[in-house]
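Q: the sequence and its predicted three-dimensional model are supplied below.
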Amino acid sequence: MIHFCVLSRLKQRVLVLSPGMKMAFDPQTQTKIDQAKVFMVGAGGIGCELLKNLLLTGFRDIHLIDLDTIEVSNLNRQFLFRSEHVGKPKAQIAALAAEEMCPEARITWYHESVIQPKFNVKFFGQFNLVLNALDNSAARSHVNRMCLAANVPLVESGSSGYLGNCKVIIKGTTECFDCQPPIGQKTYPGCTIRNTPSEPIHCIVWAKHLFNQLFGEADPDQDVSPDSEDPAADPEAGLLSNGTHQEHWSTVAETNETVIAHLAVQQNGAHQLQNGSNGNEAKKGTSTRAKAVACGYNSIDLFQKLFHQDISYLLSMSKLWEKRRRPEVLDVHSILKQKDEEKVWGSSSTEEHEDKRLWSLKQNVIVFMRAVKALKETMDKIETLVWDKDDENAMDFVTACANLRATCFGITTQSRYDTKQMAGNIIPAVASTNAIVAGLIIFNAVKVLQNRVDECRNLILKTFRDAVPATSPKRRVRITGVSKLLEPVKDCVSCSERVETSLRLNLETTTIKDFQDKILKGYFKMAQPDVSLDDSSGTVIIDSEFELNNKDKPLTACKILDGTRLKCSDFLQEYDITITVNHADDLPEDTLFESSKDANVVLAAMPSQAPDARTTPAQKRKSADDLAEASAEELKRFKRQEKEHLGFGHVNENGFPDQFLEILE
Ligand SMILES: Nc1ncnc2c1ncn2[C@@H]1O[C@H](COP(=O)(O)OP(=O)(O)OP(=O)(O)O)[C@@H](O)[C@H]1O
Ligand SMILES: [Zn+2]
């Protein structure tokens with residue numbers, strides 16, 4: 001294992017394997033490796049290490065697939081690639097590098113997504129082993145389903161910073177990738193974000209939501225205004241003396257002066273401040289966007305609304321502050337009158353240390369105003385903006401807004417650099433983690449080929465010494481979770497024999513598109529679902545070959561009623577399931593459906609998009625979060641089993657060290 005890690009550090013392709021240069025296995029194992037045909041999915045961080053390991057171990061017939069092209073940012077760890085390869089397909093260059101290293105290797109490469117009809121069950125069936133080196137759960141789930149259908153063993157893996165894992169999936173014998181419920185992106189309760197932030201990340205999430213409300217596709221679940229329905233707040237908050245809620249700020253087109261004058265009055269009696277931007281407002285459908293439009297995106301007006309008026313409204317929810325520090329309103333005019341700082345900067349600066357500097361309050365205000373103006377101008381040209389951490393104005397906006405909100409709540413402000421890390425969910429890729437995970441894949445792969453599945457292990461890589469900063473080289477890495485392979489979960493939607501299930505959902509409000517995207521693709525992991533009524537009519541509801549023409553209709557409008565049985569199948573995955581749908585109108589607001597298998601399946605935790613040919617950066621980031629969360633969860637499970645299963649038994653045969661629990665000391 002250490003051998004592999006050291007080799008990966010060479011970072012240059014000086015390695016050329018001579019025909020006789022292989023690991024010392026017993027003759028039977030060697031023959032199996034010689035004859036094995038393997039499919040490697042993903043040629044990124046883990047993939048590059050894995051390909052080199054496969055060659056070193058003696059594998060010669062390797063098919064590899066990756067949909068992506070090489071980026072400059074890959075070069076620091078994806079050591080098969082060089083700067084002259086930037087823009088070229090990863091699969092092609094990895095294959096070339098492998099052939100250079102080992103001329104006798106037969107490498108077949110595909111620059112495509114693995115979620116394509118041509119990679120069907122028959123295609124998967126030609127391999128002895130499939131090895132995943134992917135970075136997103138949609139593709140992982142799909143490959144898992146294909147391997148189950150083709151009955152080919154799969155070694156699954158992942159890494160996120162110092163976390164890593166590797167597990168073996170064999171149909172009918174072990175847990176599959178979907179046996180454990182999906183873990184959603186880390187989310188924060190709406191009332192924390194809208195009413196009572198206490199950490200920088202709460203302000204950053206709020207600022208990102210605000211960006212979408214003002215410039216992007218407004219999502220009702222991402223409301224940024226005070227939530228008067230917070231259970232911790234007093235119900236009277238924001239009420240006028242006559243018991244009605246005050247008209248909100250910009251439904252009446254006030255001039256700046258009147259707004260400010262109005263605010264001044266409100267400021268003198270915060271408890272009487274009546275800001276209509278409360279929970280009801282979201283229900284009424286009046287959005288932050290509508291207000292911004294009403295004031296022509298005037299940045300002073302927006303500032304006063306966000307950091308004065310809304311904060312005053314929150315102050316009126318007195319119960320919230322019984323045990324918390326009260327937030328403070330900001331006044332744009334007095335901040336702007338403050339003495340000038342040496343320099344105000346934002347997108348114009350490219351110097352790294354500048355990016356790490358904390359802005360003063362006045363600088364935050366100026367960057368906010370400048371970013372609002374710039375983003376509005378872009379929006380006028382292209383209508384809807386999509387938040388992107390690499391867009392200078394978007395990043396300026398989020399940094400300044402998060403800092404201004406943090407100032408209101410007495411939370412430490414952040415530099416633009418730190419905000420970017422948090423807002424972009426950036427978890428630095430660690431080359432050593434990838435190298436270790438790729439070594440673990442080989443360990444399991446060889447055991448599978450040897451038919452010694454009981455000696456395979458599910459492995460989790462984690463750091464300890466948590467007091468040491470995550471980026472410090474002193475941070476030690478250890479394989480902490482080691483368990484024997486776990487048995488399949490009885491009701492798993494992917495690997496159980498069960499072909500029937502039932503769901504409770506609101507048939508009057510759930511649309512066909514939601515049923516397809518969030519339930520069939522998101523929950524049941526189908527790639528191309530077909531659906532028909534399981535009755536004598538056999539009416540087709542969804543045909544994967546055609547665009548949905550009923551997509552916005554509720555299920556009831558398509559003859560799907562309480563107790564209807566739906567035949568759902570995926571031709572590509574050779575997967576069929578019959579789903580009985582039962583009407584429910586008592587589900588919590590954020591719950592789309594409940595399955596008979598598990599408790600609440602929360603809408604927010606479901607990917608809203610089908611597994612796509614390309615994963616977006618956002619999906620990639622999400623999957624990194626998934627892994628971090630998943631690893632933590634798995635670790636808990638493994639810890640419970642650790643006592644029982646610790647130790648590797650016979651693993652020191654065939655050249656593997658007896659003890660490799662502590663890899664990097
Ligand atoms: N559906 C898919 N089909 C084929 N390859 C895929 C698919 N989804 C993801 N991949 C590939 O899996 C690889 C995962 O590697 P890795 O996590 O190192 O990603 P990366 O994009 O190179 O790095 P980073 O995300 O850190 O910039 C990527 O090269 C990606 O293109
Ligand atoms: Zn399963």
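A: Yes, it's here. Ligands and ions are numbered 1, 2, ... in the order given.
Q: quick one: mean pLDDT for stretch 180-194?
A: For stretch 180-194, the mean per-residue pLDDT is 75.
Q: now do the end-to-end distance for it.
A: In stretch 180-194, first residue to last residue: 32 Å (Cα to Cα, to the nearest Å).
Q: now do stretch 446-457
A: 12 Å.
Q: report the buried residues of that stretch.
A: Residues 446-450, 452-453, 455-457 are the ones in stretch 446-457 that count as buried (16 or more other Cβ atoms under 10 Å). In this view, the C-beta of every residue, glycine as well, is placed from N, C-alpha and C.
Q: widest-spaced pair of these?
A: The span of those, defined through Cβ to Cβ, is set by Leu449 and Arg457 at 15.3 Å.
Q: which residues of the protein score low on pLDDT?
A: Within the chain, the ranges that satisfy pLDDT under 70 run 1-23, 182-186, 229-287, 340-353, 463-481, 498, 596-665.
Q: hmm, 50 instead?
A: Scanning the chain for pLDDT under 50 picks out 1-14, 238-286, 344-349, 598-628, 638-665.
Q: show me the buried residues of stretch 446-457 that map onto helices.
A: 446-449 (DSSP state H).
Q: nearest to ligand 2 among those residues?
A: Lowest distance from ligand 2 to those (Cβ to the ion) belongs to Val448, with 17.5 Å.
Q: show me what contacts the closest one?
A: The neighbourhood of Val448, defined by Cβ atoms under 8 Å, 6 or more residues apart in numbering, consists of 129, 153, 155, 168, 170, 456.
Q: again with Arg145
A: Contacts of Arg145 (Cβ under 8 Å, 6+ apart): 178, 494, 525, 527, 570, 573, 575.
Q: among those residues, which are in reach of ligand 2?
A: For ligand 2, the contacts drawn from these by Cβ under 5 Å from the ion are 178, 494.
Q: mind putting the ones in helices among the buried residues of stretch 446-457 in a markdown table, distance to Pro588 included?
A: Compiled in a markdown table, these are given as follows (distance: Cβ to Cβ, whole Å):
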| residue | distance to Pro588 |
| --- | --- |
| Val446 | 48 |
| Lys447 | 45 |
| Val448 | 43 |
| Leu449 | 48 |
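Q: turn these into a markdown table, columns for distance to ligand 2.
A: Compiled in a markdown table, these are given as follows (distance: Cβ to the ion, whole Å):
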| residue | distance to ligand 2 |
| --- | --- |
| Val446 | 24 |
| Lys447 | 20 |
| Val448 | 18 |
| Leu449 | 23 |
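Q: closest to Leu507 among these?
A: Val448 (44.6 Å).
Q: re earlier: so which of the contacts of Val448 comes closest to Lys362?
A: Val155 (55.5 Å).
Q: what is the burial count for the closest one?
A: The tally of other residues near Val155 (other Cβ atoms under 10 Å) stands at 27.
Q: tell me the secondary structure at it.
A: strand (DSSP: H, G, I helix; E, B strand; the rest coil).
Q: how about it: which residues does it bridge to?
A: Using DSSP bridges, the bridge partners assigned to Val155 are Leu131, Val168.
Q: looks like it contacts Val446 (just checking).
A: No: using Cβ atoms under 8 Å, Val155 is not in contact with Val446; the gap is 10.1 Å.
Q: pick out whichever of the contacts of Val448 sits closest to Gly42.
A: Val155 (12.1 Å).
Q: which residue packs closest to Phe124, ignoring adjacent ones?
A: Distance criterion Cβ to Cβ, 6 or more residues apart in numbering; nearest residue to Phe124, sequence neighbours excluded, is Ala150 at 3.8 Å.
Q: now do that neighbour against Lys171, distance only.
A: In this view, Ala150 and Lys171 are 9 Å apart by Cβ to Cβ, to the nearest Å.
Q: next one: the closest residue to ligand 1 within the stretch 101-250 of the chain from Glu71, what distance?
A: Residue nearest to ligand 1 within the stretch 101-250 of the chain: Asp135 (3.2 Å; Cβ to the nearest ligand atom). Relative to Glu71, Asp135 is positioned 13 Å away (Cβ to Cβ).
Q: compare these two (neighbour count), which wins?
A: Remark: of Asp135 and Glu71, Asp135 carries more neighbours, 25 against 12, as counted by other Cβ under 10 Å.
Q: I'd say that one and Ala43 touch.
A: No: the criterion here is Cβ under 8 Å, and Asp135 misses it with Ala43 at 11.2 Å.
Q: what domains does the record give for the chain?
A: 2-8+24-183+428-456, 198-410, 500-596 (automatic domain parsing).
Q: hang on, the earlier thing: SS state for the residue of the stretch 101-250 of the chain closest to ligand 1?
A: Asp135 is classified as coil under three-state DSSP.
Q: ok, Gly158 next?
A: Classified using three-state DSSP, Gly158 is strand.
Q: I'd say it and Gly164 touch.
A: Yes: the pair Gly158 / Gly164 is scored as a contact, 6.8 Å apart, by Cβ under 8 Å.
Q: residue numbers of the stretch 51-200 of the chain in contact with ligand 1?
A: Within the stretch 51-200 of the chain, the positions near ligand 1 by Cβ under 6 Å from any ligand atom are 65-68, 73-74, 90, 113-115, 134-136, 139.
Q: list buried residues within those residues.
A: 65-68, 74, 90, 113-115, 134-136, 139.
Q: any idea how far the residue in the stretch 351-500 of the chain that ligand 1 sits nearest to lies from Ala95?
A: The nearest approach of the stretch 351-500 of the chain to ligand 1 comes at Ala429, 4.5 Å away (Cβ to the nearest ligand atom). Distance of Ala429 to Ala95, computed by Cβ to Cβ: 22 Å.
Q: with neighbour numbers in mind, choose between these two.
A: Ala95 (25 against 20).
Q: could you confirm that one falls within a strand?
A: No: counting by three-state DSSP, Ala95 is not found in a strand; it is helix.
Q: next up, the contacts around it.
A: 64, 107-109.
Q: need the residues of the stretch 451-600 of the chain near ligand 2, please.
A: 492, 494-495.
Q: wait, the stretch 101-250 of the chain
A: Near ligand 2, when you scan the stretch 101-250 of the chain using Cβ under 5 Å from the ion, you find 176, 178-179.
Q: try it again with 8 Å
A: 144, 148, 175-179 (Cβ under 8 Å from the ion).
Q: so of these, which ones are in helices?
A: 144, 148.
Q: just the buried members of the residues of the stretch 101-250 of the chain next to ligand 2?
A: 144, 148, 175-179.
Q: can you pull out the helices in the stretch 351-500 of the chain?
A: For the stretch 351-500 of the chain, the helices defined by DSSP state H, counting those that start in this stretch occupy 352-355, 361-382, 392-408, 416-423, 431-449.
Q: OK, contacts around Asn364?
A: 399-400, 403-404, 407, 413.
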